[in-house]
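Peer 1: From the sequence below, what's the structure:
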Amino acid sequence: MEAATWCLDASKIEELKKVFMERAENAARRQAEEDANKSKLPRRTKVVRVKQEYIDYLLANPPKPYRGMSQELIGMAQPPKLREDLRALMARVSASHQKRYDQQLDFLEQYRLKGYAEEEIEIRDDEDTIAVTGN
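Peer 2: Predicted coordinates:
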């Protein structure tokens, strides 16, 4: 059985560059907006139970660590600026996935020990909305 190989022509590479740059810019913009909004609103935290449906889902579909994009593939990106931007983006994505993975494992461990799981949520005092701190 032959190993699958693939090749990207110049137009496909340019298309991928554009997609990655747009995603990186959008992520940076969203993060800046979230940071600006967070600093304006007073908050408090509250501990709530995780829904049993979510626990059942995690039990049926155990969390898996995020593998990310291979360094070899990232290293093929040209020009070097795109490569560095892609590395930075993948580091943020990986950190976000790792945080979620750790939270899911924590929920399962709490469930194993106590029969239920809890999480801390953030409540903004000037609104009736709740923001989950784990995201």
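Peer 1: Going by secondary structure, Arg30 is in what exactly?
Peer 2: In this structure, Arg30 sits in helix 10-40 according to DSSP states H and E.
Peer 1: Quick one: list the elements packing against that helix.
Peer 2: Applying 3 or more C-beta pairs under 8 Å, 6 or more residues apart in numbering; DSSP states H and E, one finds that helix 10-40 contacts helix 80-114. C-beta here means a position set from N, CA and C on the backbone, and glycine is covered the same way.
Peer 1: Go through the helix it packs on and flag the buried ones.
Peer 2: Buried positions in helix 80-114, judged by neighbour count with 16 or more other C-beta atoms under 10 Å: 82, 85-86, 89-90, 93, 97, 103-104, 107-108, 110-111.
Peer 1: Check the gap between the spatially most central residue of the chain and Lys17 for me.
Peer 2: Nearest to the mean C-alpha position of the chain, by C-alpha atoms, centre = their mean, lies Ser96 at 3.4 Å. Remark: distance between Ser96 and Lys17 (C-beta to C-beta, to the nearest Å) = 22 Å.
Peer 1: Report pLDDT for Met69.
Peer 2: pLDDT for Met69: 76.
Peer 1: Next: Leu86.
Peer 2: Predicted confidence (pLDDT) for Leu86: 84.
Peer 1: Let me see the contact set for it.
Peer 2: Neighbouring residues of Leu86 by C-beta atoms under 8 Å, 6 or more residues apart in numbering: Phe20, Ala24, Met69, Ile74, Ala77.
Peer 1: switch to 7 Å and redo it
Peer 2: By C-beta atoms under 7 Å, 6 or more residues apart in numbering, the contact set of Leu86 is Phe20, Ile74, Ala77.
Peer 1: now those residues as JSON lines including pLDDT?
Peer 2: As requested, these are arranged in JSON lines below (pLDDT from 0 to 100):
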{"residue": "Phe20", "pLDDT": "77"}
{"residue": "Ile74", "pLDDT": "75"}
{"residue": "Ala77", "pLDDT": "75"}
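Peer 1: if we can go back for a sec, any buried residues in the helix holding Arg30, and which?
Peer 2: Lys17, Phe20, Ala24.
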